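1. sequence and predicted structure, then a few things I'm wondering about:
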Amino acid sequence: AAEALQAYDHALELSPFCVDALVAKGACLVTLARQREAVSVLDKALSLDPSHPNAAQYRHTALRQLGVRHPERPASAPGAGGGTAGAPHPCPARPSLPAPYLPPVPPHP
């Protein structure tokens with residue numbers, strides 16, 4: 001999981017607003033028991049794409065593991081108002097695979 005986290009960080013250096021990379025990083029952080037960081041990353045993902053199919057679920061999982069009994073939605077989550085719904089997606093078309101899928105990053109020349 002630590003190697004995957006490095007790959008997601010590298011992907012986000014190249015495309016800092018790629019929602020799929022943010023969600024994948026958040027899921028990886030949950031796996032590494034770094035829930036506070038995961039919530040922060042997933043909040044950013046939800047601010048960019050409030051309807052992302054996995055971001056809210058991973059955020060909920062992280063908050064539950066932190067002991068939050070009834071995690072609230074961030075202001076940008078679906079049904080909470082706010083966000084950038086309808087804005088163009090900054091990543092290439094999302095493949096029909098469950099997160100945390102992230103295409104391989106080509107090596108540096």
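-> Okay, I see it. Numbering: from 1, shown residues only.
2. residues of the helix or strand containing Ala4 that come out buried?
-> Per DSSP states H and E: Ala4 is located in helix 2-14. Buried residues in helix 2-14, defined by neighbour count with 16 or more other CB atoms under 10 Å: 4-5, 7-8, 11-12. Glycine gets a C-beta too; all of them are placed from N, C-alpha and C.
3. now whichever helix or strand comes after that helix: average pLDDT?
-> Sequence-wise, the next helix or strand downstream of helix 2-14 (DSSP H and E) is helix 19-31. The average pLDDT for helix 19-31 rounds to 94.
4. mind listing what's buried in helix 19-31?
-> Here helix 19-31 shows 19-30 as buried, counting by 16+ other CB under 10 Å.
5. report the angle between that helix and helix 2-14.
-> 150 degrees (axes from the mean of the first three to the mean of the last three CA atoms, to 10 degrees).
6. could you list every helix and strand in contact with helix 19-31?
-> helix 2-14, helix 35-48, helix 55-65 (3 or more CB pairs under 8 Å, 6 or more residues apart in numbering; DSSP states H and E).
7. so which of those comes closest to Pro107?
-> helix 2-14 (10.5 Å; CB to CB).
8. and that closest one, what does it pack against?
-> Looks like helix 2-14 contacts helix 19-31 (3+ CB pairs under 8 Å, 6+ apart).
9. could I have the CA atoms of the helix it packs on written out in PDB?
-> Output of helix 19-31 as PDB, limited to C-alpha atoms (Å, rounded to 0.1, in the frame of the first residue of the first chain):
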ATOM      1  CA  VAL A  19     -10.600  13.200  -8.700                       C
ATOM      2  CA  ASP A  20     -10.000   9.500  -9.400                       C
ATOM      3  CA  ALA A  21      -6.400   9.800  -8.100                       C
ATOM      4  CA  LEU A  22      -7.600  11.700  -5.000                       C
ATOM      5  CA  VAL A  23     -10.200   9.000  -4.200                       C
ATOM      6  CA  ALA A  24      -7.600   6.200  -4.800                       C
ATOM      7  CA  LYS A  25      -5.200   8.000  -2.500                       C
ATOM      8  CA  GLY A  26      -7.900   8.400   0.100                       C
ATOM      9  CA  ALA A  27      -8.700   4.700  -0.100                       C
ATOM     10  CA  CYS A  28      -5.100   3.800   0.200                       C
ATOM     11  CA  LEU A  29      -4.700   6.100   3.300                       C
ATOM     12  CA  VAL A  30      -7.700   4.300   4.900                       C
ATOM     13  CA  THR A  31      -6.000   1.000   4.300                       C
END
